[in-house]
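Participant: I would like the atomic coordinates for the input below:
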Amino acid sequence: MLQHNESIPSAKKKIIVLGSGPNRIGQGIEFDYCCTHGLMAIKESGYEAIMVNCNPETVSTDFDIADKLYFEPVYWEHLWEIIEHEQPDGVIVQLGGQTALKLAKRLHERGVKIIGTSFDDMDIAEDRGRFSDMLRDLHIPYPKYGTAYTTDEAIEVAQEVGYPVLVRPSYVLGGQRMRIVINDEELESSVISLLKHLPGNKILIDHFLDRCQEAEIDAICDGEEVHVMGIMEHIEPAGVHSGDSHSVLPVFNLPPLVVDEMTDITRKIALALNIRGLINVQFAIKDGKVYVIEANPRASRTTPFIAKAYNIPYLNIATKVMLGEKKLKDFTMEQKLEGFAVKEPVFSFNKFPNVNKELGPEMKSTGEAIRFIKNLRDPWFRTLYKERSLYLSK
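Facilitator: Model prediction:
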């Protein structure tokens, strides 16, 4: 059968960027911003920029953004055919959220170069057991945890780490099927439901730090230096998914000692993981003590927020660091922000009237907005903070 291929590979050096696929709760337009600015940085560095994504609503799939666009599902079978055809110098998985990151293992097994942080180092952050071992070696506090594959194992782990516990499957986005439970009966019900929908998935069980503050740091690391892009303080307490929380940049209520501790911990983790590019670290603060909840070795949904708030091309800089073209010392990153930037989650409950509106560890927001305030006396902010403080005191 006669076949015709319109995609003629060039002789140029080329980099493939993996997108996040269809927009969904937990992973949306924020990662398209990351991919778009990454593609621009790749072209500026002299490479042919190839985009693989399947969302027609995104800027990264516009005809004039990448040098070449493959409008294909971000699945391994499709990606491998493209790699065999194009023979790229490497693939970037840090810009497309969890969808892109999940393909890192397959790329590593086939000997395809992953641009930036290596697969093994990324896997340490993704694997709760390996990550906790690393934190222990670095003397960094973290909630007690355990892993299980059955209900009996889960109950045994929960009794050891102590209720309440946070139950979640591994390698998912948006806190999918994540639950906070307070006894064996609730735990058994949650695990049965989880295994029914995600059979064979490893179950993570963490001691839940109740009634504590939450904050997160986004940073860039070039293997030698770490630049903190921004520290965002959540208004809602820990237990509400970070995507559903109102977050304030810079922090407004955390003591300087806590902020310094979070910054120091982020540097230690980024260097220990040999990060080349982006990392997001989430913290819980209870009684003045800082605990690490998790680290994401990729762009987070707040990376574009911070870049816009400070008006610094952080994704362009991070991509050039991933490529090895530049070091952090080659850039000037002066953070200018008058007042505060507040991330407002956007919900679509009016379109889904039967959905439970109570916020928890499973993400429910469908987007976010940015609001700039000059100071903390802003009437909107004072009302918001008072409402959330009442929620925290319950």
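
Participant: any buried residues in stretch 375-391, and which?
Facilitator: Under the neighbour-count criterion of 16 or more other Cβ atoms under 10 Å, stretch 375-391 has 378, 381, 384, 385, 388 buried. Bear in mind the C-beta positions are built from the backbone N, C-alpha and C, glycine included.

Participant: how far does it sit from its chain's centre?
Facilitator: Relative to its chain's centre, stretch 375-391 lies at 27 Å (Cα atoms, centre = their mean, to the nearest Å).

Participant: what does it contact?
Facilitator: Identification of contacts with stretch 375-391 by Cβ atoms under 8 Å, 6 or more residues apart in numbering yields 235, 236, 237, 246, 252, 339, 340, 342, 371, 373.

Participant: count of neighbours near the third one?
Facilitator: Other residues near residue 237 number 20, with proximity taken as other Cβ atoms under 10 Å.

Participant: farthest pair within the contacts of stretch 375-391?
Facilitator: Within those, 237 and 339 form the most distant pair, 24.1 Å apart (Cβ to Cβ).

Participant: my guess is residue 214 contacts residue 242. True?
Facilitator: Yes. Between residue 214 and residue 242 there is a contact under Cβ atoms under 8 Å: 7.1 Å.

Participant: shared neighbours, these two?
Facilitator: In terms of Cβ under 8 Å, 6+ apart, residue 214 and residue 242 are both contacted by the residues 234, 282.

Participant: outline the domain layout of the protein.
Facilitator: 14-115, 144-207, 213-393 (automatic domain parsing).

Participant: Throw these into CSV and include distance to residue 130, thanks.
Facilitator: Formatted as CSV, the domains of the chain follow (distance: least, Cβ to Cβ, whole Å):
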stretch, distance to residue 130
domain 14-115, 14
domain 144-207, 11
domain 213-393, 10
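
Participant: closest one to residue 135 among those domains?
Facilitator: For residue 135, the closest of the domains of the chain is domain 213-393, at 5.9 Å, according to Cβ to Cβ.

Participant: using the three-state scheme, assign residue 4.
Facilitator: For residue 4, the secondary-structure state derived from DSSP: H, G, I helix; E, B strand; the rest coil is coil.

Participant: burial count for it?
Facilitator: Neighbour tally, residue 4, other Cβ under 10 Å: 4.

Participant: just want the phi and psi numbers for it.
Facilitator: phi -130, psi 130 (degrees, to the nearest 10).

Participant: just to revisit the earlier point, and the domains of the chain, which one averages the lowest pLDDT?
Facilitator: Sorting the domains of the chain by mean pLDDT places domain 144-207 lowest, at a mean of 80.

Participant: roughly how far is that one from the heart of the chain?
Facilitator: Distance, centroid of domain 144-207 to centroid of chain: 21 Å (Cα atoms, centre = their mean).

Participant: and residue 9, how far from residue 67?
Facilitator: Per Cβ to Cβ, to the nearest Å, residue 9 is found 12 Å from residue 67.

Participant: and if you look at residue 289?
Facilitator: On the measure of Cβ to Cβ, residue 289 and residue 67 end up 49 Å apart.

Participant: between these two, tell me which one has more neighbours.
Facilitator: Neighbour count, other Cβ under 10 Å: between residue 289 and residue 67, residue 67 has more, with 17 against 12.

Participant: show me the strands in the stretch 151-300 of the chain, by range?
Facilitator: 165-169, 179-181, 203-207, 213-222, 226-234, 247-249, 276-286, 289-296 (DSSP state E, counting those that start in this stretch).

Participant: what angle do the fifth one and strand 213-222 make?
Facilitator: Angle between the axes of strand 226-234 and strand 213-222 is 160 degrees (criterion: axes from the mean of the first three to the mean of the last three Cα atoms, to 10 degrees).

Participant: name every strand pairing with strand 226-234 and say which way it goes.
Facilitator: strand 213-222 (antiparallel), strand 247-249 (antiparallel) (DSSP bridges).

Participant: buried residues in it?
Facilitator: 226, 227, 228, 229, 230, 231, 232, 233, 234.

Participant: tell me the contacts of residue 94?
Facilitator: Applying Cβ under 8 Å, 6+ apart, we find residue 94 in contact with 100, 101, 116, 117, 277, 278, 297, 298, 299, 318, 322.

Participant: with residue 59 instead?
Facilitator: 32, 33, 36, 65.

Participant: of the residues you listed, closest to residue 56?
Facilitator: Residue 56 has its nearest neighbour among the contacts of residue 59 in residue 32, at 11.4 Å by Cβ to Cβ.

Participant: and the residue most central in space within the chain, backbone torsions?
Facilitator: With distances taken as Cα atoms, centre = their mean, the residue of the chain nearest its centroid is residue 300 (3.4 Å). Backbone geometry at residue 300, expressed as degrees, to the nearest 10, gives phi -100, psi 170.

Participant: how much space separates it from residue 94?
Facilitator: Taken as Cβ to Cβ, the span from residue 300 to residue 94 is 10 Å.

Participant: now do the shared contacts for these two.
Facilitator: Common neighbours of residue 300 and residue 94 (criterion: Cβ under 8 Å, 6+ apart): residue 278.

Participant: quick one, helices of the stretch 251-394 of the chain?
Facilitator: Ranges of helices within the stretch 251-394 of the chain are 256-272, 303-310, 314-323, 379-393, based on DSSP state H, counting those that start in this stretch.

Participant: in the longest one, what's buried?
Facilitator: Buried residues in helix 256-272, defined by neighbour count with 16+ other Cβ under 10 Å: 258, 259, 261, 262, 263, 265, 266, 267, 268, 269, 270, 272.

Participant: ok, so of these, who is nearest residue 204?
Facilitator: Nearest to residue 204 among the buried residues of helix 256-272: residue 269, at 18.3 Å, using Cβ to Cβ.
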